[in-house]
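Chemist: The following comprises the amino acid sequence and a computationally predicted model.
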Amino acid sequence: MYKSYIHSILNHAKFSPDLGGEGGPANPAEPAEPAEPAETAEPADSVEPGQKFFTQKELDNIITERLNREKKAQEIEIEKRERLAKMTAEERASEELKNRLAELEGYKAKAERADAVKKATKTLTDYGIPTAFAEYVADADEETTMLNVKDFKAVWDAEKQAAVKAALAGDTPKKPGQAKAPEVDSFLAEFSKY
């Protein structure tokens, strides 16, 4: 809302001749009136439930934190470039190789994790457990993954059994097969006599 308000003021000042826009003030003796915001207040209907509102202080804190993070990232990048500029060509090549190897190790770890999750998914399917739990039971070592799946299956079966018992809990009929006698409305019974 504030952004649109500022834009409306800037656009009005830029293109309105009476506020000193492109042609200058049309009548300098008249004081300039401030522009009205396009949206002064939103109706209460448009506020969605659960929508969070921020105070100006909270917004200032959020913006300050974000600016500090960006500033720190820029400083790190500048230091890195300065350090690389001071190095010889051989040192730069060595540094770049080291960075690429670290990046490669990261990709390798992600690929191994994806492979472990894929194997865990297959194992879970074999045991009849939903595959959504593959991320939680997967491990780099296949034996550990298998042990995790077996332990999870034991817990899964116990919890499933408890849920079934809870769902089926209730009173059983006393004498199955007997229907209740239909309830007779006393007024209707008296009326039918006449």
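Modeler: Nice, I can see it. Residues are numbered from 1 along each chain as shown.
Chemist: Could you list every helix and strand that the helix or strand hosting residue 57 packs against?
Modeler: Assigned by DSSP states H and E, residue 57 belongs to helix 56-86. Of the remaining helices and strands, none touches helix 56-86 by 3 or more C-beta pairs under 8 Å, 6 or more residues apart in numbering; DSSP states H and E. For glycine as for every other residue, the C-beta is placed from the backbone atoms N, C-alpha and C.
Chemist: Just give me how far that helix sits from the chain centre.
Modeler: Put simply, helix 56-86 sits 25 Å off its chain's centre (C-alpha atoms, centre = their mean, to the nearest Å).
Chemist: again with stretch 125-142
Modeler: The chain centroid and the centroid of stretch 125-142 are separated by 24 Å under C-alpha atoms, centre = their mean.
Chemist: re the thing from before, C-terminal to the helix holding residue 57, what's the next element?
Modeler: Using DSSP H and E, the helix or strand that directly follows helix 56-86 along the chain is helix 89-127.
Chemist: got the angle for that following helix vs helix 56-86?
Modeler: If you take axes from the mean of the first three to the mean of the last three C-alpha atoms, to 10 degrees, helix 89-127 sits at 130 degrees to helix 56-86.
Chemist: Find out how far helix 89-127 is from the centre of the chain, if you would.
Modeler: Its chain's C-alpha centre and that of helix 89-127 lie 26 Å apart, by C-alpha atoms, centre = their mean.
Chemist: Can you list the buried residues in it?
Modeler: If you call a residue buried by 16 or more other C-beta atoms under 10 Å, then helix 89-127 has these buried ones: 116, 117, 119, 120, 121, 123, 124.
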